[in-house]
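**Q** All I have is the shape, not the residue letters:
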């Protein structure tokens, strides 16, 4: 067990600490009060008390995810060995566009049930300019019609917001996607607004210092969702391939999970970006046949480039750490065979 202390005190909290000259117990209370007044009690437990990590890999990721410049949540699991890493894995983070994977899965289940098809056509929903917070739902107007298969492709590969809102409307709205996720056991997940509204009203809160439960999920939930998607728990083989194939062709986020991956590793992923937050979730296929599911949510850090660099650094540390553990397992269990699906399942 390796001890690791996470501190995330802001300027107000640090000032309170500097002025404190009370006995130890009183000072501890002052620390907690200052922390709570700056960040709120929701952030207290994970970030102001000593946390013990079960493995050296988890401790390494916790070092990289130090929240001194903004909250960072990480969840990862090697789908072959079952080993996992969680750092603030049960804290809510803004999903931004990483939620689009769930939107696609919800629509594809409708296809599997015969309620829709990949050739069904829907209009792109284009945002109409309106002042922030001027209405519960931002106005949109219909654009060109496109078949669902193409909407899914540009929603995932290029993070198209009009395509996402088109499919959200087709499935019955954000609440339908939330219900789909919860029906599959993912309770720490909620989509509350369409993308046009989410983008128009972006910036209401700073995610580095405040948890907004709207349009949010925990890293643990998202990595479990990826795990089930990979295993085929939710969709038919054909629909699963549509979604994983699109994720393998993602063109956004080249500075994120894929940035520091070895050439022979394959990444199928979906990025997300909003005010002061950047994220990436995906599946990393290794040359030895293993698959790693990863969800990384980064807030703060100063700039978007710094957040992206942090995602890339954490993703590579996870890749190397799980590879080292796999080598150890092969030495101690030389007769064990891998059980992952064939390399390249993402459709590349």
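**A** Received the coordinates, thanks. This structure is a prediction, so every number in the text was calculated from the model and none was measured. Numbering: from 1, shown residues only.
**Q** May I see the buried residues of stretch 275-294?
**A** 275-286, 290-294 (16 or more other Cβ atoms under 10 Å). All C-beta atoms are positioned from the backbone trio N, CA, C, and that covers glycine.
**Q** same thing with stretch 240-247?
**A** In stretch 240-247, counting by 16+ other Cβ under 10 Å, buried: 240, 242-247.
**Q** Just give me the closest of those to residue 94.
**A** Residue 94 has its nearest neighbour among the buried residues of stretch 240-247 in residue 247, at 19.8 Å by Cβ to Cβ.
**Q** For that closest one, pull up the helix or strand it's in.
**A** Following DSSP states H and E, one finds residue 247 within helix 237-248.
**Q** Mind checking the pLDDT average for that helix?
**A** Across helix 237-248, pLDDT averages out at 97.
**Q** Next: stretch 324-342.
**A** 62.
**Q** Residue 96 and residue 187: what is the separation?
**A** 20 Å (Cβ to Cβ, to the nearest Å).
**Q** Neighbour count: these two, which is higher?
**A** Neighbour count, other Cβ atoms under 10 Å: between residue 96 and residue 187, residue 96 has more, with 25 against 11.
**Q** my guess is the more buried one contacts residue 276, does it?
**A** No: between residue 96 and residue 276 there is no contact under Cβ atoms under 8 Å: 10.9 Å.
**Q** can you put the buried residues of stretch 240-247 in a markdown table and add distance to residue 225?
**A** Below are the buried residues of stretch 240-247 laid out as a markdown table (distance: Cβ to Cβ, whole Å):
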| residue | distance to residue 225 |
| --- | --- |
| 240 | 13 |
| 242 | 16 |
| 243 | 11 |
| 244 | 13 |
| 245 | 17 |
| 246 | 16 |
| 247 | 12 |
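**Q** for the helix or strand encompassing residue 167, what is the average pLDDT?
**A** Using DSSP H and E, residue 167 falls within helix 161-171. Mean pLDDT, helix 161-171: 98.
**Q** Name the residues of whatever helix or strand comes next after that helix that are buried.
**A** Elements were assigned by DSSP H and E; along the chain past helix 161-171, the next helix or strand is helix 174-183. By 16+ other Cβ under 10 Å, the buried positions in helix 174-183 come out as 174, 176-178, 180-181.
**Q** and what of stretch 209-223?
**A** Within stretch 209-223, the residues that count as buried by 16+ other Cβ under 10 Å are 209, 211, 214-223.
**Q** Then stretch 132-151?
**A** Neighbour count says stretch 132-151 has 138, 140, 146, 148, 150-151 buried, by 16+ other Cβ under 10 Å.
**Q** hang on, the earlier thing: okay, the buried residues of stretch 209-223 in CSV with distance to residue 258, pLDDT and secondary structure next?
**A** Formatted as CSV, the buried residues of stretch 209-223 follow (distance: Cβ to Cβ, whole Å; pLDDT from 0 to 100; DSSP: H, G, I helix; E, B strand; the rest coil):
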residue, distance to residue 258, pLDDT, secondary structure
209, 29, 91, coil
211, 29, 94, coil
214, 29, 96, coil
215, 25, 97, coil
216, 25, 97, strand
217, 22, 97, strand
218, 23, 97, coil
219, 19, 97, helix
220, 23, 97, helix
221, 23, 97, helix
222, 18, 98, helix
223, 17, 98, helix
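**Q** Which strands or helices does the helix holding residue 247 pack on?
**A** Counting by 3 or more Cβ pairs under 8 Å, 6 or more residues apart in numbering; DSSP states H and E, the packing neighbours recorded for helix 237-248 are helix 100-112, helix 148-157, helix 219-231, strand 266-274, strand 277-285.
**Q** do that again at 6 Å, thanks
**A** helix 100-112, helix 148-157, strand 266-274 (3 or more Cβ pairs under 6 Å, 6 or more residues apart in numbering; DSSP states H and E).
**Q** JSON lines for these, including distance to residue 323 and mean pLDDT?
**A** JSON lines is the format used below for the helices and strands packed on helix 237-248 (distance: least, Cβ to Cβ, whole Å; pLDDT from 0 to 100):
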{"stretch": "helix 100-112", "distance to residue 323": "25", "mean pLDDT": "98"}
{"stretch": "helix 148-157", "distance to residue 323": "27", "mean pLDDT": "98"}
{"stretch": "strand 266-274", "distance to residue 323": "14", "mean pLDDT": "97"}
